[in-house]
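Undergrad: A structural model of the following input is requested.
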Amino acid sequence: MPRNLCIHGHFYQPPREDPWLDDILPEGSAAPAPDWNTRILRESYAPLGWARRLDREGRIGDILNCYEWTSFNAGPTLLRWMDRHAPDTLRRMVEGDRTSAARWGHGNAMAQVYHHVIMPLATPLDREVETAWAVADFAARFGRAPEGMWLPEAAVDTPTLETLAAAGIAFTVLAPRQARAVAALDGIDQAHAAWQPVHEGSLDIGQPYRAELPSGRSIDIFFYNGPISRAVAFEQLLRDGEIFWRRLADAARALPVPPAEERGTDGAGGTDGANRSGLLAVCTDGETYGHHFTFGEMALAHVLAQGYAGRDGVALTNFAAFLHRNPPRMRVLLHEPSSWSCAHGVERWRSDCGCTDGGHPGWNQRWRGPLRQGLDAVKQGLDAHFATAGAGLFRDPKAALLAYGQVLARSGDASAREAFAAAHLAPGIAGRQADAAWKLLAMQEAGLASFASCAWFFDEISRIEPVNAMTCALRALDLCTATGGPDLLPRLAEHLAHAVSNKPEEGTGADILSRTVLPRRGTDASLVLQALWRLRAEHGLPEPGATATHAWPGAEVDVTLDALDALDAHDAHAAPEKSGGAGGTGGIGPDSITGTAALRLPLETEGRAVRFTWQPPGPFTPARASRITVRPAGEPHAPETSLSVAELPLNARQALLLALLHGEERNQSPRRAALARQALALVDPWEEAQHDMPASHLWADMAPHLGLALVTEPPAASLSGDESGSDAAWRQGLELLRSLQPSPRQRQGLHQLIRCHLLELLAAPAPDWDGLCGAVQRTREVAPDFDWWAVQNRMWERLQANGAATGTQARNCAALLGFRV
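TA: Reported below is the predicted structural model:
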C-alpha cells in the first residue's frame, strides 16, 4: 500500500512597508541587502524556485521548482511585494501550483489569512474581512479558488473555523497537540463512535479529520508530524538530504495501516482501494529552506527527487489531492483556543504567558496586554467611524469592505477600481466624496495591518515589530481624522502608557509612540519634501509651469514649480536657473523654489493641494539644512508647517541617499561605458617594465565598465594592426583592470553589469550561442568570483523550452555554465 508524503512551507514576512508610502525603506540590519524581504528572497524564496541538484563532480544535473512538488502558502502582503520586486519568483510559485494541479488534480498552493492576525483574538468582522481578502488575493494570483487556508500561528477556535467554512474553505492544517478528542463519523464505525481523548503521541496523523461546526457546516483538518517538523526547523535535519529522506521514509512506513474495509472505498462509492492510504505531513516556516539553514533548499530538492521517483514506496502529494482520495472517516474536537507556537493557547499574543523569543530569559512580556488593548480600542473606533461615515458613501459599507480585497489584489488595475466603484459606491458619489470612500477603506486596511502577529511574538515592545504595529495604527488614525472621524491617538497612548519596556531607557509604549512612531508620520511636508528630492535625484524636476509626478505604491505627489532660482547652474542635478526668487521663513532663504503639490492616494482622483517653498541643497545650503514649508493651497493665511531633511526618519533619509546614488549612477553609466571602450582601444602593451597605470585613481570609478567592456568585446587587434596581437591586447586590458584593484563595491557593480549583459544575450529569440560562450569564458577571467546563479537559471529555462531540439552550441554553452550535458 502506498505511503504519501506532503512537505509544506509557510511563507510569510511581517509588514515592513512604510504605511504612507506602501514601500519598504532601508533596513540596516539586513545588510548587504537593502531590506529583509530582499535578503530572504535571495536566500530562500528564489532558491526554492530554482533548487540545484548536483552530481558527484559538482555539476548541475537538475534544477527543481520546489513549489511544483511541495505544498505551500504565502502571505498576501508578501506576494504583493513579490509582484512588484520579484515577479520571476512569483511566477515560479504560480507555475508550481498550476503544474501540480495538472498532475494531481489539485494545486499545491493554499491561501493564508491576509494580515497574519491571530484569528481567535480578532472580532467577527475582522475575521470575515481577513478571510475574504485572502480568498480574493489567492484567486487573483493563482487563477482559482483556494481549497485550503493556513491559519497564522495555527491559531484556531470554533468561530475561526466557522469563518473559513463560510468562505468555502475545505481544510486547514494544525499541530497534533491541538487535537483534544476524536470519534468516528456517524454511520462509519459504530465501535468508535464515542469520543476518545488523544494527545500528540496518540493521534493518528496519517488521516484527515472533520470538525463539525455549530452552524451545520464542517471543515476538514490535517495534523502534521511534530517531531520531524521540529527537526527540520530547529535540529539541523537539513544538513544532509539523504538523512532527511531516510527520516521521512521511515516515518511514512510507520504510519498506521487503515483497516481493510477502509481501503476498499474511495469515499465516493467506488472501490479504489489503492487510493486510501496514510499521509505524512511535515510543516515548517518556508524560510527554513535557505534563510534559516543555508542551502536547505538543496536538501529539500534531494528529498523531492526521491519522492517523485517513488523511492521506498513513498509518493509525493498535497493536502487537497490526498483529501479528494481519502475523505475523513473520523471527526475531531480541538483544544480551544490553541496554536502551534504557544503552550497556553493564544496567550502569547495578549499576555505575559512565558512563551517568547529574543534571547532575554529575564525579561517579561507584561507589555503585550496594553498593546493588544490599545490596538483593540483603536480598531473599535475605526469600525464605528467606518460604519457611520460609510453609510452615506457606500451602498452597503460591510459588503464594500469585504469586496475591497479584490481591489487590493489588483493594485494598479484601473478596471478593478472602476468595477468596485460601480458596484459599491452609493449613487452619485464622485470627486471628493469618492476620495473619502477610498480613504475609509485604506483606513481599515492599515488598522488590520497593525494586528500582524509578530508584534507580540518576541520579548520587547521597543523591537521593530511592535513599532511597526503602532506605525500602521497611526496611519489608520490619520485617515480616520482626514475623513471627519475622531482623534483616537489619545486613546492609544493611554493604553500604551501601561506597557513598560524591559529597557529602562525606552520607558513605556507611550514614550516609544511619541519618540519613535510619531516622527515616522507621513505629513504633507515630509511627502512633498521626499518627492522633490527624488525628482531631483532622477533629474526629473519640471520646468516652471510644468508638472512632474513622483509615485510610491501608496502615495502620489504631483509637483508644479512656479520659480526655480536656487539651483546652482553647475549642479549636475540642476534645472535651468530662473529669475524672481521667492522669500521664505523658518530656514527658507531668498534663493528657493516655490510651487504647488497635489497629494493623493493611488485610488483617489482629486486628493489635496498644498503650496510649498523649498530650499534645495546647493553650494551654500548643506543637504541636511534643505527645508520645506507647506500650507494648504488657496488658504494664504493658514498656518505653515516647516520640515528639514535632518528631521526625516533615518530610513527615509537613507532612501533619499540611495535614490541620489542610483540616479547619479544612471546618469554617469553611459559616459563611463563609452570611456571604458575607448580606453581598451588605446591600451597597448606596456614597456620598460611598467606595472601600474599613471593616474590610476582617475581610472578607479570606471573599473566596472572596463570589466564589462572586456566581457562584451572580443580580443581586439593591437594599435599596430597586428591581428596576432589581439589576444595580447585584450590581456593587457585585463591586466589594467586587475592593477586597479577594484573594491568590493566596484566588483559588485561589475557583477551586476555582467549579469544584465548575459541575461540579455539569453533572452534573445535566437541567442548567439557562440557569442554567449565567448562572453562566459571572458567572464571567468574578468570576474572569477562571479555568481552564475541567475544566468544558470535562465539557461536552464532555455534548455527546458527547447528540449530535444537543443543544439550542440547551446549544449556547449550549458556545459560552460556548469551543467551536466
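Undergrad: Quick check: the closest residue to V610 other than its chain neighbours vs A166, distance?
TA: In this structure, V610 finds its nearest non-sequential neighbour in V630, 4.5 Å apart by Cβ to Cβ, 6 or more residues apart in numbering. C-beta here means a position set from N, CA and C on the backbone, and glycine is covered the same way. According to Cβ to Cβ, to the nearest Å, V630 stands 47 Å off from A166.
Undergrad: Of those two, which one has the most company?
TA: Ranked by neighbour count (other Cβ atoms under 10 Å), V630 and A166 place V630 first, with 24 against 16.
Undergrad: is that one in a bridge, and if so with what?
TA: F612, T641 (DSSP bridges).
Undergrad: Okay, now the unreliable bits of the stretch 651-800 of the chain?
TA: Scanning the stretch 651-800 of the chain with the threshold set as pLDDT under 70 gives 683-696, 715-725.
Undergrad: which residues of it fall in helices?
TA: 696-699, 703-712, 726-739, 744-763, 769-782, 789-802 (DSSP state H, counting those that start in this stretch).
Undergrad: for the second one, packing partners?
TA: When contacts are defined as 3 or more Cβ pairs under 8 Å, 6 or more residues apart in numbering; DSSP states H and E, helix 703-712 sits against helix 650-682, helix 726-739, helix 744-763, helix 769-782.
Undergrad: can you redo those helices as JSON lines with distance to R368 and mean neighbour count?
TA: As requested, the helices and strands packed on helix 703-712 are exported to JSON lines (distance: least, Cβ to Cβ, whole Å; neighbours: other Cβ atoms under 10 Å):
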{"stretch": "helix 650-682", "distance to R368": "26", "mean neighbour count": "16"}
{"stretch": "helix 726-739", "distance to R368": "56", "mean neighbour count": "17"}
{"stretch": "helix 744-763", "distance to R368": "42", "mean neighbour count": "17"}
{"stretch": "helix 769-782", "distance to R368": "53", "mean neighbour count": "18"}
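Undergrad: Turn these into a markdown table, columns for distance to I60.
TA: Shown next, in a markdown table, are these (distance: least, Cβ to Cβ, whole Å):
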| stretch | distance to I60 |
| --- | --- |
| helix 650-682 | 32 |
| helix 726-739 | 27 |
| helix 744-763 | 16 |
| helix 769-782 | 14 |
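Undergrad: Any idea which of those helices gets closest to R56?
TA: Nearest to R56 among these is helix 769-782; the distance by Cβ to Cβ comes to 22.3 Å.
Undergrad: Now do that closest one against helix 744-763: the angle between them, please.
TA: 170 degrees (axes from the mean of the first three to the mean of the last three Cα atoms, to 10 degrees).
Undergrad: Pull the contacting residues for the nearest residue to Q809 once chain neighbours are set aside.
TA: The shortest distance from Q809 to any non-neighbouring residue, by Cβ to Cβ, 6+ apart, is to W769 (3.6 Å). Listed by Cβ atoms under 8 Å, 6 or more residues apart in numbering, the contact set of W769 reads G807, Q809, A810, N812, C813.
Undergrad: From those, list the buried ones, please.
TA: Taking 16 or more other Cβ atoms under 10 Å as the criterion, what is buried in the contacts of W769 is A810, C813.
Undergrad: So which of the contacts of W769 belong to helices?
TA: Q809, A810, N812, C813 (DSSP state H).
Undergrad: so who does the first one touch?
TA: Same thing as Q809. W769, D770, C773.
Undergrad: ok, so what distance separates the second one from T808?
TA: To tie it back to what came earlier, the one meant is D770. D770 is 11 Å from T808, by Cβ to Cβ.
Undergrad: Also the last one?
TA: Counting by Cβ to Cβ, the gap from C773 to T808 is 11 Å.
Undergrad: likewise the first one?
TA: Shown here: W769 relative to T808, a distance of 9 Å by Cβ to Cβ.
Undergrad: same deal with I7?
TA: 38 Å.
Undergrad: ok, the two, which is more surrounded?
TA: Applying other Cβ under 10 Å to I7 and T808 shows that I7 carries more neighbours, namely 27 against 9.
Undergrad: Confirm that that one lies within a strand, as I assumed.
TA: Yes - under DSSP: H, G, I helix; E, B strand; the rest coil, I7 sits within a strand.
Undergrad: ok, what's across the strand from it?
TA: V282.
Undergrad: Let me see the residues that make contact with stretch 513-528.
TA: 18-21, 462, 467, 470-471, 474-475, 478, 492-493, 496, 555, 557, 559, 597, 599, 608, 610, 612, 614, 628-630, 641-643, 647-649, 652.
Undergrad: Just the buried residues of the residues you listed.
TA: The buried subset of the contacts of stretch 513-528 (16+ other Cβ under 10 Å) comprises 18-21, 462, 467, 470-471, 474-475, 478, 492-493, 496, 555, 557, 559, 597, 599, 610, 612, 614, 628-630, 641-643, 648-649, 652.
Undergrad: and S341, which of the three is it?
TA: Assignment for S341 (three-state DSSP): coil.
Undergrad: separation between the closest residue to it other than its chain neighbours and P427?
TA: Excluding the flanking residues, the one nearest S341 by Cβ to Cβ, 6+ apart is E153, at 5.3 Å. Distance of E153 to P427, given as Cβ to Cβ: 43 Å.
Undergrad: Settle it for me: which of the two has more neighbours?
TA: More crowded of E153 and P427, by other Cβ under 10 Å: E153, with 25 against 5.
Undergrad: from what I can see that one touches G345, true?
TA: No - between E153 and G345 there is no contact under Cβ atoms under 8 Å: 10.9 Å.
Undergrad: what sits in contact with each of the two?
TA: S339.
Undergrad: what's the helix or strand hosting A510 in contact with?
TA: For A510, the host element (DSSP states H and E) is helix 509-512. Helix 509-512 has contacts (Cβ under 8 Å, 6+ apart) with 367, 370-371, 374, 461-462, 466-467, 470, 493-501, 506.
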